[in-house]
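>>> sharing a model that was predicted from the sequence below.
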Amino acid sequence: MVKVGVIGAGKWGMNHLRIFSELDCELAGLADINLKTKELAKQYNIEYFQDYKDLLDNVDAVTIVAPTNLHYKIAKDCLLKGKHVMVEKPITLDPEEAKELIDIAKKKDLILAVGYLFRFNNAVKVLKEQIKKIGDINYITAAYTHSTKPARKDCGVIFNFGVHLIDILNFILEKKPKKIFCKKHSYLSKDIEDAAIIILDYGDFIAELEVSWFHPLKRREMWVIGSKEKIFADLFEQIVIKYPIEVSYDKVMHKKEVNLEVRKNEPLKDELKNFIETISDKNVNNSASEEYETTQICKLCLKSANSGEEIRYE
């Protein structure tokens, strides 16, 4: 049985603890610099460590649920100690650091996974299957918003929210943008952006992404507009609706929309279950390799926003 530890016991780290306690694995320890989380470890009857390095002798694998700016150092230490790692998104803020972690994992034959849980969201899986049936893609719009107070300090909204939308597009389209343009603004903080509009140019269509930390509504939405049909996906409610509408300058053909069947699931649970099963099966498939691209695109979004120029993505 895989022995797993959790590094970081914030709100999301608490979800990791809960789910691992329900899975077919041994939840062996918790590491967090906040001594108050020692009580949380007691609730799960596991060992507590203030220094994550002390946890590593007790486990086969770890999940890293720490602030983004700490991901690289913690993940590198864990990999060098021979531990399988799942790090919450983004893997790092620097694509070159991400590449280094991927190389270490490959050399040591270890699993390095990144927490892009929307890949395990059944609504996204339905969306991925359906876009093959709607004709040529004309354009895509997406929004990932809600109100966050106080403002985060470890990264901006592009790496926090935008990274999810970009990864979803990488997953469902299986292609990368050719050009990137971004505008951002800082309202809640002077140091990092908390609202941004991203335009990804794929050559034959574009995708427009809205991300915000201070929108009044919690939105996880995507529209994919095809030449034959249109699809709306609410990724939070796990609802996917197909609109069989064809539009041209001389006619509009309407048919009744179709609510597609989505088996609702808890994406994080399926994601962590997959991590454990991959270790148990000794199937070393480093999903982090393709996530390097997501980190690179986010970095280029910031470069575009800072320069005011469109960036070509090679």
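Structure received.
>>> hey, let's count contacts and neighbours off CA atoms from now on
Fine.
>>> quick one: the helices in this structure?
11-22, 38-43, 52-55, 71-80, 95-107, 122-130, 157, 163-173, 267-280, 288-307 (DSSP state H).
>>> where in the stretch 51-200 of the chain is pLDDT low?
Within the stretch 51-200 of the chain, the segments meeting pLDDT under 70 span 150-151.
>>> kindly recompute the last result at 80.
148-154, 189-190 (pLDDT under 80).
>>> okay, domains of the chain per the record?
3-116+268-284, 119-265+298-312 (automatic domain parsing).
>>> output the ones you listed as CSV; include the columns mean neighbour count and distance to Glu291.
Formatted as CSV, the domains of the chain follow (neighbours: other C-alpha atoms under 10 Å; distance: least, C-alpha to C-alpha, whole Å):
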stretch, mean neighbour count, distance to Glu291
domain 3-116+268-284, 19, 7
domain 119-265+298-312, 18, 8
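>>> right, and the helices of the chain - which one's nearest Glu257?
helix 122-130 (13.9 Å; C-alpha to C-alpha).
>>> picking that back up, can I get the domains of the chain in JSON lines including distance to Tyr292?
Output for the domains of the chain, formatted as JSON lines (distance: least, C-alpha to C-alpha, whole Å):
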{"stretch": "domain 3-116+268-284", "distance to Tyr292": "6"}
{"stretch": "domain 119-265+298-312", "distance to Tyr292": "10"}
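>>> any chance of the helices of the chain in CSV, plus distance to Val4?
Below are those laid out as CSV (distance: least, C-alpha to C-alpha, whole Å):
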stretch, distance to Val4
helix 11-22, 8
helix 38-43, 13
helix 52-55, 10
helix 71-80, 12
helix 95-107, 17
helix 122-130, 26
helix 157, 30
helix 163-173, 25
helix 267-280, 9
helix 288-307, 19
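>>> residue contacts, Lys256?
With contact set as C-alpha atoms under 8 Å, 6 or more residues apart in numbering, Lys256 has these partners: Tyr243, Pro244.
>>> how close does it get to Ile131?
18 Å (C-alpha to C-alpha, to the nearest Å).
>>> for Ile64, same thing?
Applying C-alpha to C-alpha to Ile64 and Ile131 gives a distance of 33 Å.
>>> same question for Ser212.
Applying C-alpha to C-alpha to Ser212 and Ile131 gives a distance of 26 Å.
>>> identify the bridge partners of Ala196.
Lys184, Val211 (DSSP bridges).
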